[in-house]
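Participant: Sequence below, structure please.
(5 chains, ligands or ions: 5)
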Amino acid sequence: MSWVAGALGVWAVAWWANLRIAASRHADTRAARLAVPVIFGLTLLVLWEGLVRGLAVPGVILPPPSAIAARIAVSGPILWADFVQTFVKGALSGYVIGCTAAFLTALAADRFDFLRRGLLPVGSFIAALPIIGTAPILVMWFGFDWQSKAAVVVVMVFFPVLVNTVQGLAAADAMSRDLMRTYAATPGQSLRKLRLPAAMPFIFNGLKISTTLALIGAIVAEFFGSPTVGMGFRISTSVGQLALDMVWAEITVAALAGSLFYGAVALTERAVTFWHPSQRGGR
Amino acid sequence: ADELTLQLKWVTQAQFAGYYVAQDKGFYEEADLDVTIKPGGPDIAPTQVIAGGGADVVVEWMPAALAARERGLPLVNIAQPFARSGMMLTCLAESGVTGPEDFPGRTLGVWFFGNEYPFLSWMSQLGIPTEGGEDGVTVLKQGFNVDPLLQKQADCISTMTYNEYWQVIDAGITPEQLVTFNYTDRGVATLEDGLYVLDETLEDPAMVDALERFVAASMRGWAYAAENPEEAAEIVLENDATGAQTFEHQVRMMEEVGKLLGEDGVLDPAAFETTVASLLSGGSDPVITAHPGDAAWTHAITDAALN
Amino acid sequence: MLSAEEIDGFRDEGASPVTPPDGPVIDARGLELVFQTNDGPVHALNDVNLQISKGDFVSFIGPSGCGKTTLLRAIAALETPTDGQLMVNGMTPDAARRSRAYGYVFQAAGLYPWRTIAANVKLPLEIMGFDKAEQERRAADVLRLVDLEGFERKYPWQLSGGMQQRASIARALAFDADILLMDEPFGALDEIVRDHLNEQLLKLWERTEKTIAFVTHSIPEAVYLSTRIVVMSPRPGRITDVIDSPLPRERPLDIRDTPEFLAVAHRVREGLRAGHAYD
Amino acid sequence: MLSAEEIDGFRDEGASPVTPPDGPVIDARGLELVFQTNDGPVHALNDVNLQISKGDFVSFIGPSGCGKTTLLRAIAALETPTDGQLMVNGMTPDAARRSRAYGYVFQAAGLYPWRTIAANVKLPLEIMGFDKAEQERRAADVLRLVDLEGFERKYPWQLSGGMQQRASIARALAFDADILLMDEPFGALDEIVRDHLNEQLLKLWERTEKTIAFVTHSIPEAVYLSTRIVVMSPRPGRITDVIDSPLPRERPLDIRDTPEFLAVAHRVREGLRAGHAYD
Amino acid sequence: MRDHVGPVLTVIAAILAVWYGAAVWMNAAWTQQQAARAGTTVSLSEILADTMQQDRPRLPAPHQVAVELWETTAEKKVTSKRSLVYHGWITLSATLLGFAIGTGLGMLLAVGIVHSRAMDMSVMPWAIASQTIPILAIAPMIIVVLNSVGVSGLLPKAIISAYLSFFPVVVGMVKGLRSPDVAQLDLLRTYNASRAQMFWRLRLPASLPYLFTSLKVGIAASLVGAIVGELPTGAVAGLGARLLAGSYYGQTVQIWSALIGAAVLAGLLVGLIGLVQRVTLRRMGLAR
Ligand SMILES: Nc1ncnc2c1ncn2[C@@H]1O[C@H](COP(=O)(O)OP(=O)(O)OP(=O)(O)O)[C@@H](O)[C@H]1O
Ligand SMILES: Nc1ncnc2c1ncn2[C@@H]1O[C@H](COP(=O)(O)OP(=O)(O)OP(=O)(O)O)[C@@H](O)[C@H]1O
Ligand SMILES: Cc1ncc(C[n+]2csc(CCO)c2C)c(N)n1
Ligand SMILES: [Mg+2]
Ligand SMILES: [Mg+2]
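Facilitator: Ligands and ions are numbered 1, 2, ... in the order given. Got it, this is the predicted structure:
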């Protein structure tokens, strides 16, 4: 019980510290921006460790962070190989292909009203093709290696990017459009100069949501057949062996990679949509 | 009535007909038991379920159970209805595989999730590396079905005598067009569907009593099922909420499963030792590092159940 | 309300300084525009008849909500009249729009927030395919004209209201449209800048023979700039008076103290007052 | 540039019609405001010293970009000065804001597009917790004041530019703030409406003893309305002249033809001209 | 609505054409292999005919799926375990519950993030991290843990569904709640509006376009989540169970019909939100 109480205590103190940092004058410094989530995360870990120990949760249900850290420390090469297989080959390539395809589809739908009215309802169908159904089919079609994982990712990220892009392309206000009309801008020009920039905040929404979907997709697809390497392969195999420390080691890698991926897209967003009120810090 | 929860290793099918029959025929009820049968699936590790308190008894394969035991989950085998292994490696004859000597350079489909051990120890016995390359085999983590073989993505895949093998046949491939390697024949068989509980369960006399009645009733169910495969298949179908199984397939499965069943569900210590030996030899990454000792099984329940 | 004949009559009365080479540039007959709203129809324009010749500088003046903006938008093919006929350069407004006949200064600045001021001004130039060097040159020229040099690299939200409006004027002037439609371009500017820009606009107009339709609320501004002044009145929006200016084309600022000027201004004021409910 | 003493000097020269009961309502000393932009700092306000007493009607006039809006925003606690002291009602601007001391008319109408005109006007009333009946009554009153009855149920984009501006004035008048900050409220209105609203505003001011800070570009408007006129000049934004009006509080429209009026107007024009680069 | 019918039908017709072509192309190999095994040769027309009617096609022909769909919906009682409607309903109920939990949570988080710097800085990164955890990997643990505290049935599935759907809502809502421009915020600041007032009167209405887009993505994610959640609960019933069962036995026709079932369900749900969106925006005067 003292473990539990201690953990809760640490959590309370850290939350208070975070509130202080966030409210302080230094809240906008890079250090604070880094410190707050780190402190938050560390407290989560302490809480976790404390609860697991205090409540004597068996390691085969939930291992404590310390055990996970120990596993990560000794399994570097395996984790790296899995990461390359799943993230770099599967998720990234699928993400790029899927987002590009969705984007182009949105452009086509935007350009030809006929397509917009026809494609969008159909496009929303693709959204709900559950990975459990698509993954076996795509493994059958594209083989066991990363290509089928990329294909699963393509299907998963397609819809969020499509809806957001279509919505974004409709976001330019009436006067801005009228301006383009007075210039007799071609549809292409008005797209490049007005609609796309105005759509960027929406498009990035889709891109951000898709980062995490891509990673989940690539990992889960490996449950349905894979070579003997990959994060999903390792996770499902280790669950069967009750090697939960390995499972969580992979999850940790996934969470880190996913967060960095998301962060990279969010940074790009900052740079591209600096003009949007949400980025100008209107508070 | 005493309540018991049984976690199966796989989805509702004739592989578990004995339990469904016992349930359906009222054998459990007669034994004053109220049994809940939970189907398994690709994402369910019975060991994990029992560790979380989601079940009192699980149907598990021995390699996975022993691995869990070594990881600190004290599983004990209380009965072993399946005396023989049904696992095979099935190859397309046209791929040119005739014997283990043809394996190098091939792609083989293997079940993981704790079911890879028999294969790994066989390969290590044969001295064939499993990391691919010229004289090794390329291993695929096989999904749940036989597509890799039909689509020629693998030269050989894992099958069970009672299930996947027949799916290949049903797909239109004749037995002559197949080459099969039975793990039992290769001496690397491991014990499959056994009943496992946690150590602590056996410390509770009331539970032990319930388990004795449970095993007795279950074996009654198995005996009935083996004798009446069609009725057993019927019962399995009724219990399958997915509505996806077919009667013919289940009847055939029941017939095949009948061939694997032992006399009375009593674990054969010799088979236990063979399994352990094969697991200990499991190549570079052995499943278990030490002999689990005899605490990993008990005859107490079956002995009592037989009376 | 005046009929088409009466309005044509007005035209003949005054000494129109410019005669159309071949037909009016803008020709509206019986124009009517009704907006459907949640609240019933709004008659924004009713039986509007108007001919504007090449090189005319026409000011529109009238109470708020009388349909000035709507008329300009209809001319620019941004609204579709519900009835009547509207021709621009002998074609439909939409065809004229597609031939890039218009430079439009909107009532609100409407700069694109993701572009710097210079980039906003270059926007039409990019679209019309001017080469880079020419873009630079023209952007620099018009920004100097509206007194915004030094602000090229700022973003719209970093400018004051008046500066934004000037940037939007610069944007419309950057390419040489034959027809300039300006909706209260100088509304947010002080007298001095306004006088300055009025002068500049007149110079530009004289030099280029553009046709300009100009909405303003300032009577002196309307009289000072225009060859014709169109007075409008609301509910429903219609033309109540068209005044051809007797002033010469050459107009120093102090022309505003001449009796001719004051007489025209008086007539405009009377027309304007008639459209209001007060006094 | 003038020092604080000189500006105080100005105050004593003129016959200020209102004496502050206890200290100035708005008190700025050595105010400085610098914006950081991608392009280097912009000195929007530099050493601004100004005291405004209760019941004053102060107009700000100056070239576009001289910092009028910025000064109003600083008073309303919407910008934070980078240096100097600013007090409102003896407290910080932020405290004054929190005590709901301000009614602000922004340079752009800024109506919420998802609210009808009436709902836009009621917005501050809802926030300040007026009851429904009172909200209705006040909204109807102020909409009548700005001549927008009949447009209650329209959405902002269904109104003309001038109508939107009037709606935004109505919104600021709907609740009885002690201090009215008005940033070019009448910019998009024609002379007649403008005169009408000027009169109305003066009446309201006299009746309620509000303190009003008013940005305008019209010299006559500034002179007609104000008890004091602050002339500003850009780069860096600063106060160059503060003129106390000799006109009586009671002001019929034709006061604009009196010599006193013209004299003040002349002085303002000179001050304004000095801030410009032209002629 | 009506102006959608023509285009949608056209697009569907195009998809069907491509689909038939692909079915021939993908299934022909099997036909030829089987012929080779039997030692016979097949003509082109035989290939064409066979690819349309294989038992375990790589890609079932549309009419095979249609027949299966018809048989499993119209020809079965809705209470039958072989009825797709029955399974669809089970999935739908978990989806709706999960969507309700997920959007509720997502909106709460978004509101917290927009209003509290501390939450913004600490929770957001971890909300992101949470989404990178492969749900299928931890779903069994969630189920086991919930089970051990006595929660079972619909709720565990709904929780997994909520887990997948809350994130799009958070991301979209945060962006939407921050979309009011400075001028709009300043207005309320001069009124000294409370945070709650600022939220209800400005941030929320301004966020609606973003919110609805997120909801569309979110409900689709909920459905996927509910289906995923059916696996570790034993996949006894629901569309996920159908998919999985189809996959055990290589019943591609069954997989495809369940997939289409899921897609139709998603299409309906997304369409429903689109309808709500149009009605809401029109009533708010935002639809132009
Ligand atoms: N957010 C901002 N960021 C950077 N610079 C700004 C910002 N707001 C205003 N400025 C600059 O501050 C100066 C003063 O602007 P301000 O809006 O106060 O002028 P103004 O007197 O109101 O002009 P106008 O009459 O045109 O409205 C201008 O040079 C402007 O570019
Ligand atoms: N999109 C619209 N929908 C409905 N009514 C509209 C729309 N646009 C304008 N109106 C109405 O049409 C009438 C004329 O508006 P318009 O903008 O042309 O006036 P204006 O003369 O430009 O006024 P201002 O001087 O105030 O800008 C007004 O009553 C206005 O409410
Ligand atoms: C993820 C996963 N993959 C394979 C198996 C292996 N397996 C054990 S029993 C059985 C059913 C035989 O019909 C199968 C396929 C598993 N348990 N879990
Ligand atoms: Mg207008
Ligand atoms: Mg300003």
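
Participant: check which helix or strand covers residue 207.
Facilitator: Because you didn't say which chain, this covers chain A. helix A:196-221 (DSSP states H and E).

Participant: wrong chain, I was asking about chain E
Facilitator: helix E:204-229.

Participant: How about residue C:47?
Facilitator: strand C:40-52.

Participant: got the residues of the stretch 101-250 of chain C near ligand 3?
Facilitator: Residues of the stretch 101-250 of chain C found near ligand 3 (CB under 6 Å from any ligand atom): none. (Glycine included, C-beta is placed from N, CA and C.)

Participant: what's the answer for chain B, then?
Facilitator: Neighbours of ligand 3 within chain B, by CB under 6 Å from any ligand atom: B:9-10, B:15, B:42, B:111, B:113, B:115, B:144, B:160, B:163.

Participant: Can you list which of those are found in helices?
Facilitator: Using DSSP state H, no member of the residues of chain B next to ligand 3 sits in helices.

Participant: So which of these reach chain E?
Facilitator: B:42, B:144 (CB under 8 Å from any CB of the partner chain).

Participant: right, is the helix holding residue A:207 up against chain E?
Facilitator: Yes. Interface with chain E: helix A:196-221 contributes A:201-202, A:205-206, A:208-209, A:212-213, A:215-216, A:219-220 (CB under 8 Å from any CB).

Participant: Could you identify the helix or strand that succeeds that helix?
Facilitator: Taking DSSP H and E, what comes next after helix A:196-221 is strand A:226-227.

Participant: nearest spatial neighbour of residue E:117, skipping sequence neighbours?
Facilitator: Distances taken as CB to CB, 6 or more residues apart in numbering or on different chains put residue A:22 closest to residue E:117, at 3.8 Å, once the chain neighbours are dropped.

Participant: what does residue E:261 give?
Facilitator: Looking at residue E:261 with CB to CB, 6+ apart, the closest residue is residue E:84, at 5.0 Å.

Participant: give the contact list for the residue nearest to residue B:194 when sequence neighbours are not counted.
Facilitator: Of all residues beyond its chain neighbours, the one nearest residue B:194 is residue B:80 (4.4 Å), with distances taken as CB to CB, 6+ apart. Residues in contact with residue B:80 (CB atoms under 8 Å, 6 or more residues apart in numbering or on different chains) are B:191, B:194-195, B:262, B:265-268, B:271.

Participant: hang on, isn't residue C:184 packed against residue C:107?
Facilitator: Yes. With contact defined as CB atoms under 8 Å, residue C:184 and residue C:107 form a contacting pair (5.3 Å).

Participant: Mutual contacts of these two, please.
Facilitator: Common contacts of residue C:184 and residue C:107 (CB under 8 Å, 6+ apart): C:215, D:161, D:188.

Participant: Out of those residues, which comes closest to residue B:24?
Facilitator: Nearest to residue B:24 among the shared contacts of residue C:184 and residue C:107, counting by CB to CB, is residue D:161 at 80.1 Å.

Participant: now the closest one, nearest residue through space, not along the chain?
Facilitator: Closest residue to residue D:161 apart from its sequence neighbours, by CB to CB, 6+ apart: residue C:107 at 4.2 Å.

Participant: Is that neighbour part of a helix or strand, or is it coil?
Facilitator: Per DSSP: H, G, I helix; E, B strand; the rest coil, the secondary structure class of residue C:107 is coil.

Participant: Low-confidence regions, chain A specifically.
Facilitator: Along chain A, the parts satisfying pLDDT under 70 run over A:1, A:26-28, A:127-128, A:280-283.

Participant: Only the buried residues of the helix or strand containing residue A:14, if you could.
Facilitator: According to DSSP H and E, residue A:14 maps onto helix A:2-23. For helix A:2-23, burial by neighbour count (16 or more other CB atoms under 10 Å in any protein chain shown) applies to A:3, A:6-8, A:10-11, A:14, A:17-19, A:21-22.

Participant: same check, this time on stretch E:195-215
Facilitator: Going by 16+ other CB under 10 Å, stretch E:195-215 has these buried residues: E:197-199, E:201-215.

Participant: now do stretch E:67-74
Facilitator: Neighbour-count burial for stretch E:67-74 [16+ other CB under 10 Å]: E:68-69, E:72-73.

Participant: Enumerate the helices of the chain by residue range, in sequence order.
Facilitator: In the absence of a named chain, chain A is used. A:2-23, A:30-54, A:65-74, A:76-83, A:93-111, A:113-127, A:131-142, A:146-169, A:174-182, A:187-190, A:196-221, A:231-240, A:244-272.

Participant: Let me rephrase: I mean chain E.
Facilitator: E:2-38, E:44-51, E:62-73, E:84-115, E:117-132, E:135-148, E:154-177, E:182-190, E:195-198, E:204-229, E:239-248, E:252-283.

Participant: residue ranges with poor pLDDT in chain B?
Facilitator: Residues of chain B that meet the cut-off, pLDDT under 70, sit at B:282-287.

Participant: still on that earlier bit, can you flag the buried ones in the contacts of residue B:80?
Facilitator: B:191, B:194-195, B:262, B:265-267, B:271.

Participant: Can you spell out the domain ranges of the chain, please?
Facilitator: By default, I'm working from chain A. A:2-57, A:72-281 (automatic domain parsing).

Participant: if you could check chain C rather than the one you did, that'd help
Facilitator: If you go by automatic domain parsing, chain C breaks into C:4-101+C:178-275, C:110-176.

Participant: Burial check on residue B:269, number of neighbours?
Facilitator: Residue B:269 has 11 neighbours, counted by other CB atoms under 10 Å in any protein chain shown.

Participant: OK, contacts around it?
Facilitator: So residue B:269 contacts B:294, B:297 (CB under 8 Å, 6+ apart).

Participant: same thing but at 10 Å, please
Facilitator: B:294, B:297, B:299 (CB atoms under 10 Å, 6 or more residues apart in numbering or on different chains).

Participant: Residue A:103 too?
Facilitator: By CB under 10 Å, 6+ apart, the residues touching residue A:103 are A:158, A:161-162, A:164-165, A:196, A:199, A:203, A:206-207.

Participant: Repeat that for residue A:221.
Facilitator: A:86, A:90-91, A:94, A:131-132, A:134-136, A:138-139, A:146, A:148-153, A:155-156, A:230, A:232, E:134, E:136 are the contacts of residue A:221 under CB under 10 Å, 6+ apart.
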